[in-house]
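Trainee: Kindly return the folded structure for what I paste below:
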Amino acid sequence: MNIIYKRSFAKTLSFFTVLGLLIFILSLAVICVYILLPLLHTFDLAHLAAFAIMLPFVLALWYVYIGMYFYIILDEDKITVQNYFLPFIRIRRCYKDIGNIKFWLPVPSNWNVNAVEIVRKGKRRGALFLGIIMVDPKDYAQIVSTLQSKGVTVETYNNLSHKEYVEVCRKIKKG
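Mentor: Coordinates of the predicted model:
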């Protein structure tokens, strides 16, 4: 049994997502035209240094936009959270290895999208917040009930203010 919770890209379009994609494409074009192509053409030390300095910032910027387009696949023994545009970027965990799963609906920070955080057993916090904009919000209840039926602890945080978010994070860190 393989249940895929993914909606069409057209249903996710909003001003925010279109603006984000335009910034992503524009930044990719600027990096390629002004840094990567001159580096490949001349292999100049100045272009190499500029590329090395900008690479962490550019990758972080790109993750902000690409990192919110994930969807969820539930199998009999594992959960997969996979990127819509880059399908090779995915997190796959067996249910028996998961301590809990946190759904942040939405994450009350600068990244204002719904997200999932998968926490392994023995840890308090998970890895990255993976934006699940490609999952239909109507499916969250079904996803939570399916995960709970598999024995996974699921925590759902809805519409937290920034102050409530800070308090929840403080409680999670304390244990």
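Trainee: what residue lies at the spatial centre of the chain?
Mentor: Central residue of the chain (C-alpha atoms, centre = their mean): Leu130, 2.1 Å from the mean position.
Trainee: What ranges does this structure have for its strands?
Mentor: For the chain, applying DSSP state E gives strands covering 3-5, 70-74, 78-83, 90-94, 98-105, 115-120, 130-131, 153-158.
Trainee: what sits up against the lengthiest helix in the chain?
Mentor: Counting residues, the longest helix found in the chain (DSSP state H) is helix 45-66. Helix 45-66 has contacts (C-beta atoms under 8 Å, 6 or more residues apart in numbering) with 20-21, 23-24, 27-28, 31, 35-36, 38-39, 83, 85-86, 89, 111. Every residue, glycine included, has its C-beta placed from N, CA and C.
Trainee: Apply 10 Å and report the result again.
Mentor: 17, 19-25, 27-28, 30-31, 34-42, 44, 67, 83-86, 89, 110-111, 113, 128, 131 (C-beta atoms under 10 Å, 6 or more residues apart in numbering).
Trainee: separation between the residue sitting furthest away from the middle of the chain and Ile35?
Mentor: Using C-alpha atoms, centre = their mean, the residue of the chain lying farthest from its centre is Thr42. It sits 36.4 Å away. Thr42 is 12 Å from Ile35, where distance means C-beta to C-beta, to the nearest Å.
Trainee: Now do Ile4, the pLDDT please.
Mentor: pLDDT, Ile4: 92.
Trainee: In contact with it, which residues are there?
Mentor: Tyr71, Ile72, Ile73, Leu74, Thr80, Gln82, Val135.
Trainee: swap the cut-off to 7 Å and go again
Mentor: Tyr71, Ile73 (C-beta atoms under 7 Å, 6 or more residues apart in numbering).
Trainee: what are the bridge partners for it, then?
Mentor: Ile73 (DSSP bridges).
Trainee: Next, find the distance separating it from Ile143.
Mentor: In terms of C-beta to C-beta, Ile4 sits 11 Å off from Ile143.
Trainee: what do you get for Leu28?
Mentor: In terms of C-beta to C-beta, Leu28 sits 32 Å off from Ile143.
Trainee: Many thanks, have a good one.
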